[in-house]
Structures are given as C-alpha cells and as structure tokens.
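S.K.: Okay, sequence plus prediction incoming.
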Amino acid sequence: MTLQEIMDVLLPLAENHTEPLHMNVTGTEYTRHNQIRFNLSLYAREPHIPDGTHKLHIIGGTINGDQNESSTWLYPGEIVTISAHAPAPGEEFVMWNPHDNDNEFGNQIASNTTFTMPDHNVTVTAAFRPIPDLLILDFHDMDTPNE
C-alpha cells in the first residue's frame, strides 16, 4: 500500500469522526528511483466552532435537557436552561457554583434554571451537600407546679 493510498483511506475517516481519533502509521514506500520513509500521525480535528462563541461547560448537570450534553458553544447573551443531575442518596442540591463572578442565573439556588452566557468561556458546577439530620423539638404547655 502506498502512502497516497493510506492517506486516501485515513483522511476521510479523520474528517468525519467526531470522537478523538489517534492513529500512527509508519512505513517505507519504494518508488522506481527512491525510497521514501514516512511516519504519519492523524488526530481528529476539533468540530467547527462558530466565530464569536464561547464554551459553557457544566459539571454535575446538563444543558437544555439533553442528558448527553454538558458542554456547548454559545454566543454572549444567549440564554440556556441548565439542570442539575439527581443528587446521590442522602444529598441535596445547594446551588450553581460558577468558577468566576461574571455570571447571570435565573435562580442560582434552583436545580433547574436559566443561565445567560457571558463574553468568555465559563465552567459552572452543581453543588450538592449531605442532607442534615432533622431534629424536631416539640414544645407544649407544661404546667409547672407552684411550690
């Protein structure tokens, strides 16, 4: 197989592949007058990122109800719905924790809320905590004897 034949097979694979694609091909190609050694490394390219967008990455939740989507590219000012994953047994959702201070939430303490994309990449984490033990005190009229 020649280097050109290898390229003809591998390049369309890399262009249409959405997951990381890593291949190394080494070999020697002989022509009539020359010997050509080659070492070819292929990596899938990043999906097309629209100009003017920034990346929103959600940890512990999803974007727009898509259970498979935790990262997306958005334009500044674009509004999306973010939803926290269900808490683990014995835990409860507390709030959305942005990794910087320049963020706008519909309601930062609601597990399902809106988020307005700022003019930069941002990561937002769903914060959970253990549910505290509940202590119920029942105060009622107590007759205290007069002495």
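M.R.: Right, received. Where do you want to start? Keep in mind it's a predicted model, so treat the numbers as computed, not measured.
S.K.: quick one: the helices in this protein?
M.R.: Secondary structure of the chain (DSSP state H): helices at 3-16.
S.K.: And the strands in it, which stretches?
M.R.: For the chain, applying DSSP state E gives strands covering 22-30, 35-43, 54-59, 61-63, 71-74, 79-84, 91-98, 104-105, 112-116, 122-130.
S.K.: so what does the fifth one touch, helix or strand wise?
M.R.: For strand 71-74, the contact count by 3 or more C-beta pairs under 8 Å, 6 or more residues apart in numbering; DSSP states H and E identifies strand 54-59 as packing neighbours. Just so you know, the C-beta spots here come from the backbone N, C-alpha and C atoms, and that holds for glycine as well.
S.K.: Neighbouring strands of the strand it packs on in the sheet, and parallel or not?
M.R.: Strand pairing for strand 54-59, using DSSP bridges, gives strand 71-74 (antiparallel), strand 122-130 (parallel).
S.K.: To residue 104, which of those lies closest?
M.R.: Among these, strand 122-130 comes nearest to residue 104, with 10.7 Å by C-beta to C-beta.
S.K.: returning to what we had before: now the strands of the chain as TSV including mean pLDDT?
M.R.: Shown next, in TSV, are the strands of the chain (pLDDT from 0 to 100):
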stretch	mean pLDDT
strand 22-30	53
strand 35-43	54
strand 54-59	91
strand 61-63	92
strand 71-74	89
strand 79-84	94
strand 91-98	92
strand 104-105	88
strand 112-116	94
strand 122-130	92
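S.K.: Give the buried residues for stretch 67-85.
M.R.: Across stretch 67-85, burial judged by 16 or more other C-beta atoms under 10 Å covers 70, 72, 73, 74, 80, 82, 83, 84, 85.
S.K.: now swap in stretch 93-104 and tell me
M.R.: Neighbour count says stretch 93-104 has 93, 95, 96, 98, 103 buried, by 16+ other C-beta under 10 Å.
S.K.: Can you tell me which of the strands of the chain is most buried?
M.R.: Comparing the strands of the chain by mean neighbour count (mean count of other C-beta atoms under 10 Å), strand 61-63 ranks first with a mean of 19.
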